[in-house]
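Trainee: make a model of this:
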Amino acid sequence: MVNNPLPARRGQRSSDRPARDLLAQALKSISYEVLPFKNTEAQVLAHVPKDVSLTVTTTEAKGLGPTLDLAVRLSEQGYDAAPHLAARLVRDGDHLDDIAARLTEAGVRGIFVVGGDAREPAGRFTDALSLLEELRGRGHSFAQVGIGGYPEGHGHIADEVIERALAGKSPHATQIITQLCFSAPTTAGWARSVKQSGVDLPVRVGIPGAVNRQKLIRISAGLGLGQSARFLQKQQGMFWRFFLPGGYKPNPLVEGVAAHLGLSDNNLHGFHVFTFNELEKTEAWRREWLAALA
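Mentor: Down below sits the predicted model:
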């Protein structure tokens, strides 16, 4: 149940219509991240409206193949589905040409470019920036290009390196999608600093979907033990939060971020939901919010 779904913003009452409309628009234009498992396509078709954008994640354990396959199939079904292109899994320029050509032929409009978690790169692309530069150099373009943001930093990369990388990647991108951060003030403060640094891209705030502990265990097993451990390690504080009784509900985080939507000091524009393939519950959660805001 969503009760009193909008917190007070600076200088506004929680009942202000413009603030409610901003949050409603952010939830209407939400994007979902899905994992490329055997039954993912069927779940998307059953539970996700076609006006909800999707990203399809890549794992080292499964490689790029299942990600590209699912993104192409979902695009052919009428979804706006952007595959994660993990730079460290791309072998060379010819491999990149083949990937871009396949996506373009299938009508895929967007990509989300990340460095990836592979310990050793498959070729000369070691980070997202090198892949973005190669895409541009080879004349490949997409309507939407997402890059990652790290409100709480990165466990293995210094903050100043992350900042330089974001500045370098931003001219090649159309939006930033943040990693999970369970503190709205931290995310808002990071977004302010990003804008002040001169990076002027819209930011989608990464939030978890309505996921229970059993689902997380199954997905972790499906990712493979090593990949799962690194994945969970990157999401600071996520593991124990999801294992609270009843699982995790993102309502307080959404309420906190809502207080910063539409403010001139940041570029927070919406939400990106890490669904962990819990699509039916996550979409029901979104519809409940929209009904409460109507």
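
Trainee: chain center to stretch 180-194, what's the gap?
Mentor: Centroid separation for stretch 180-194 versus its chain: 15 Å, with CA atoms, centre = their mean, to the nearest Å.

Trainee: ah, wrong one, I meant stretch 65-76
Mentor: Using CA atoms, centre = their mean, the offset of stretch 65-76 from its chain centre is 17 Å.

Trainee: do stretch 260-273 as well
Mentor: Distance, centroid of stretch 260-273 to centroid of chain: 14 Å (CA atoms, centre = their mean).

Trainee: what's the closest non-adjacent residue to residue 100?
Mentor: In this structure, residue 100 finds its nearest non-sequential neighbour in residue 140, 4.0 Å apart by CB to CB, 6 or more residues apart in numbering. Every residue, glycine included, has its C-beta placed from N, CA and C.

Trainee: now do residue 266
Mentor: Per CB to CB, 6+ apart, closest to residue 266 is residue 191, 3.8 Å.

Trainee: state the three-state secondary structure for that neighbour.
Mentor: The assignment at residue 191 comes out as helix when based on DSSP: H, G, I helix; E, B strand; the rest coil.

Trainee: show me the strands in the chain, by range?
Mentor: 31-34, 53-56, 81-86, 110-114, 144-149, 175-178, 203-208, 268-274 (DSSP state E).

Trainee: output these in TSV, with distance to residue 261 and mean pLDDT appended to each entry.
Mentor: Shown next, in TSV, are these (distance: least, CB to CB, whole Å; pLDDT from 0 to 100):
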stretch	distance to residue 261	mean pLDDT
strand 31-34	15	97
strand 53-56	18	98
strand 81-86	23	97
strand 110-114	22	97
strand 144-149	16	97
strand 175-178	14	96
strand 203-208	9	93
strand 268-274	6	94
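
Trainee: picking up where we left off before, burial count for the residue nearest to residue 100?
Mentor: Residue 140: 16 surrounding residues under other CB atoms under 10 Å.

Trainee: about what we covered before: need the winner for burial among the strands of the chain.
Mentor: Here the criterion is mean neighbour count by mean count of other CB atoms under 10 Å, and of these the winner is strand 81-86, at a mean of 27.

Trainee: contacts for that one?
Mentor: When contacts are defined by CB atoms under 8 Å, 6 or more residues apart in numbering, strand 81-86 is touched by residues 53-58, 60, 64, 67-68, 70-71, 74-75, 99, 103, 108-118, 131, 144, 146.

Trainee: stretch 30-49 too?
Mentor: When contacts are defined by CB under 8 Å, 6+ apart, stretch 30-49 is touched by residues 52-59, 62, 66-67, 69-70, 73-74, 77, 79, 177, 204, 209, 219, 222-223, 270-277, 279-280, 282-283, 286.

Trainee: what's around residue 116, how many residues?
Mentor: 23.

Trainee: skipping adjacent residues, who's closest to it in space?
Mentor: residue 86 is the one closest to residue 116 (CB to CB, 6+ apart), at 3.0 Å.

Trainee: need the strands of the chain in TSV (columns: distance to residue 93).
Mentor: Converted to TSV, the strands of the chain look like this (distance: least, CB to CB, whole Å):
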stretch	distance to residue 93
strand 31-34	28
strand 53-56	23
strand 81-86	14
strand 110-114	15
strand 144-149	18
strand 175-178	25
strand 203-208	30
strand 268-274	30
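
Trainee: nearest to residue 168, out of the ones you listed?
Mentor: strand 144-149 (9.9 Å; CB to CB).

Trainee: partners of the closest one, with directions?
Mentor: strand 110-114 (parallel), strand 175-178 (parallel) (DSSP bridges).

Trainee: quick one: the longest one to strand 81-86, angle?
Mentor: The reference is to strand 110-114. 20 degrees (axes from the mean of the first three to the mean of the last three CA atoms, to 10 degrees).

Trainee: residues in contact with strand 110-114?
Mentor: 53, 55, 58, 80-87, 103, 128, 131-132, 135, 142-148, 169, 172-173, 177.

Trainee: try 6 Å
Mentor: 55, 82, 84-86, 128, 131-132, 142, 144-148 (CB atoms under 6 Å, 6 or more residues apart in numbering).
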